[in-house]
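Student: Just a sequence and a predicted model for now, questions to come.
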Amino acid sequence: MELRKDPITRSWVITGDEPEPLFDHDAFCPFCPESPKQAQLITMLSSVNAGPWSARAVVHPTPLYRVEGDPGRRGDGLYDNMRTIGAHEVLVENPRHDRHLWNADDSEIEQFLLLCAQRMHDLKGDRRFKYVSLFKNHGSNAGQEFDHPTSQIVATTFVPRRVLYELRAGRDYFAQKERCVFCDILHQELQTAKRIVEVRGDFVAGCPYAPRAPYETWITPKTHEAFFERFALGRNANLRELAALIRRTLTRIRNVADGFHLILHSAPNTTHRSEVLGYWKTIDDDYHWHIEILPILPNKPQSYTFKEVYFSPVSSESAAARLREMQVYP
Ligand SMILES: [Zn+2]
Ligand SMILES: [Zn+2]
Ligand SMILES: [Zn+2]
């Protein structure tokens, strides 16, 4: 596998002929504590509910990226490519095979969020990595890989396209108005309240004005901060509150869709400042971390396959109203 850059859109893709999968899905779960076939441990957090541990990071059994070596950036005529250098880890959300982010205790989800922050911070210590992505794919039509409740973290030598769009947009808005576009959106959304699903302390769950998928929901902190890990590892972080809102929002979303993508967007690795691209000069002020949840509805394939223009047959106002009305315990 290798990374190739699209010369027109400038986005990187990972491509190549995939080798036969070595990972045996029918065998023991490699993430359960009692499994005889354990994945390679990176770090783990101590138990909060009498389990052996609360959350832990392991090496992905079939990683897309490899840690060793340098990216070997090179040209091929007008094209660019590089090796798939990076880190690819599985974050085990809970030792129990049946405790998901929507039915675990908030104290357990809090530990998982702490693990996410620790891994992001640690991986950004490596100057080769420009971005650290954190995501969860749940449901077979969302590309879920493992039965055990897991998320994945990927450190790459480039900034993924969608994040690059956001970074450029945030930087341009700030250059014009000297304000954060995310803060401005949140302020207006809280005033109209039409697309707000729930407010929990400092965190707001709401449907974006122009959704890419029906019931798309974002969780955004009211307090401005570009880096998730800086917030989460800070002294005043209320991760318990965020954990509760994630649990409650996923409970709501699972009433309309079984599958979803969850993506955490944080600022890129600024120890690797790029003079040429220049988008890190005002990053502390112009970017704002957030979580995006993209549900995958059954029988609505056109909204996902026809991506030249996103099509969402449910308005965000109706989606937010329906999500708000759902019963969530406690
Ligand atoms: Zn398991
Ligand atoms: Zn902001
Ligand atoms: Zn985003």
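Tutor: Looks like it arrived, so ask away. Ligands and ions are numbered 1, 2, ... in the order given.

Student: Tell me the pLDDT of whichever residue of the stretch 101-250 of the chain sits closest to ligand 1.
Tutor: Residue of the stretch 101-250 of the chain nearest ligand 1, by CB to the ion: H148 (3.5 Å). C-beta: built from backbone N, CA, C; applies to glycine. Note on H148: pLDDT of 96.

Student: Got phi/psi on the residue lying farthest from the centre of the chain?
Tutor: Distance from the C-alpha centroid of the chain, by CA atoms, centre = their mean, peaks at G77 (34.5 Å). Backbone torsions for G77, taken as degrees, to the nearest 10, come to phi 70, psi -130.

Student: Which residues of this structure lie near ligand 1?
Tutor: Selection of the chain residues close to ligand 1 by CB under 5 Å from the ion yields 29, 31-32, 97, 148.

Student: Let's have these in JSON lines, adding distance to P330.
Tutor: As requested, these are exported to JSON lines (distance: CB to CB, whole Å):
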{"residue": "C29", "distance to P330": "30"}
{"residue": "F31", "distance to P330": "28"}
{"residue": "C32", "distance to P330": "28"}
{"residue": "H97", "distance to P330": "24"}
{"residue": "H148", "distance to P330": "26"}
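
Student: Going by distance to L262, which of these wins?
Tutor: H148 (15.9 Å; CB to CB).

Student: burial of the residue lying closest to that closest one once chain neighbours are set aside, as a residue count?
Tutor: Using CB to CB, 6 or more residues apart in numbering and skipping the chain neighbours, the partner closest in space to H148 is F31 (4.0 Å). As a burial measure, F31 scores 24 neighbours (other CB atoms under 10 Å).

Student: cool, and the one 3 residues further on?
Tutor: For E34, the neighbour count with other CB under 10 Å is 10.

Student: CA atoms of stretch 162-174 as PDB?
Tutor: C-alpha atoms of stretch 162-174 as PDB (Å, rounded to 0.1, in the frame of the first residue of the first chain):
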ATOM      1  CA  ARG A 162     -12.000  17.200   5.400                       C
ATOM      2  CA  VAL A 163     -10.000  18.600   8.300                       C
ATOM      3  CA  LEU A 164      -7.900  20.700   5.900                       C
ATOM      4  CA  TYR A 165     -11.200  22.200   4.600                       C
ATOM      5  CA  GLU A 166     -12.200  23.100   8.100                       C
ATOM      6  CA  LEU A 167      -8.700  24.500   9.000                       C
ATOM      7  CA  ARG A 168      -8.600  26.700   5.900                       C
ATOM      8  CA  ALA A 169     -12.200  27.900   6.500                       C
ATOM      9  CA  GLY A 170     -11.500  28.600  10.100                       C
ATOM     10  CA  ARG A 171      -8.400  30.500   9.200                       C
ATOM     11  CA  ASP A 172     -10.100  32.600   6.500                       C
ATOM     12  CA  TYR A 173     -13.000  33.500   8.700                       C
ATOM     13  CA  PHE A 174     -10.700  34.600  11.400                       C
END
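
Student: State the mean pLDDT of that stretch.
Tutor: On average, stretch 162-174 scores 94.

Student: what do you get for stretch 204-221?
Tutor: The model assigns stretch 204-221 a mean pLDDT of 96.

Student: so, in contact with ligand 2 or not, that stretch?
Tutor: No: using CB under 5 Å from the ion, stretch 204-221 stays clear of ligand 2, with a minimum separation of 8.5 Å.

Student: would you put the C-alpha positions of that stretch in CSV?
Tutor: In CSV, the C-alpha atoms belonging to stretch 204-221 read as follows (Å, rounded to 0.1, in the frame of the first residue of the first chain):
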residue,chain,number,x,y,z
VAL,A,204,-23.9,21.4,23.2
ALA,A,205,-25.3,18.6,20.9
GLY,A,206,-27.0,20.0,17.8
CYS,A,207,-27.7,19.2,14.2
PRO,A,208,-25.7,21.3,11.7
TYR,A,209,-27.5,23.8,9.5
ALA,A,210,-26.4,22.0,6.3
PRO,A,211,-26.2,18.3,7.2
ARG,A,212,-24.3,15.7,5.1
ALA,A,213,-26.5,12.9,6.4
PRO,A,214,-29.9,12.7,8.1
TYR,A,215,-29.7,13.2,11.8
GLU,A,216,-26.1,14.3,11.6
THR,A,217,-25.2,15.7,15.1
TRP,A,218,-22.2,17.6,16.4
ILE,A,219,-21.1,17.9,20.0
THR,A,220,-19.2,21.2,20.6
PRO,A,221,-17.8,22.7,23.8
